[in-house]
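In: Could you work out the structure for the sequence below:
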Amino acid sequence: MIVVERAAIVQRLGMLTLVLLMHGNLSPLFSLIDVVKTKSSHGVALPFTIAMLVTSILWLLYGFVVNDVYILIPSISGMVSSMIQIVFVVIYPPKKSAEKTE
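Out: Next up, the predicted model:
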């Protein structure tokens, strides 16, 4: 029987979830390449981005309460990623269909 300490399990699972959540939080930033090229944020889902910002802030607060780095780091990356997307929506507002054809 293999006995693994609880701390080792927490560290391994924490790192795995940290990497997966960072990937999920930062992946929407790749769509910003198209936003800059087209000068339109039409492809950015603003309601999803706002929801991601709110949930990231709530998880960040919870991470501070329980003092857990595996919650704090992905929450910070999600919050920063969301704020960057919102800034791009403000800088490059979505173009209407009529503006695209011109």
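In: Okay, buried residues for the top helix by length along the chain please.
Out: Selection of the longest helix in the chain by residue count, based on DSSP state H, yields helix 69-91. Of the residues in helix 69-91, 70-79, 81-82, 85-86, 88-89 count as buried by neighbour count, 16 or more other C-beta atoms under 10 Å. (Glycine included, C-beta is placed from N, CA and C.)
In: Who are the contact partners of the residue lying closest to P74 once chain neighbours are set aside?
Out: Among residues not flanking P74 along the chain, L21 sits closest, at 3.6 Å (C-beta to C-beta, 6 or more residues apart in numbering). Neighbouring residues of L21 by C-beta atoms under 8 Å, 6 or more residues apart in numbering: 74, 77-78.
In: what does S82 give?
Out: 49-50, 52-53, 56.
In: Taking those, please make a PyMOL selection of just the buried ones.
Out: Burial among the contacts of S82 is assessed by 16+ other C-beta under 10 Å; the matching PyMOL selection reads:
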select buried, resi 49+52+53+56
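In: Can you give me the distance of the closest residue to P93 other than its chain neighbours to Q85?
Out: Excluding the flanking residues, the one nearest P93 by C-beta to C-beta, 6+ apart is S41, at 6.4 Å. Counting by C-beta to C-beta, to the nearest Å, the gap from S41 to Q85 is 8 Å.
In: Quick one: mean pLDDT for stretch 11-31?
Out: For stretch 11-31, mean pLDDT rounds to 88.
In: Let the chain start at 768 from now.
Out: Done: numbering now begins at 768, and the last item shifts to stretch 778-798.
In: from the chain's centre, how far out does it sit?
Out: Its chain's C-alpha centre and that of stretch 778-798 lie 9 Å apart, by C-alpha atoms, centre = their mean, to the nearest Å.
In: got it, and stretch 804-823?
Out: That offset, for stretch 804-823, works out to 10 Å (C-alpha atoms, centre = their mean).
In: hmm, back to that, what is the distance between the longest helix of the chain and the centre of its chain?
Out: Distance of helix 836-858 from the chain centroid (C-alpha atoms, centre = their mean) equals 5 Å.
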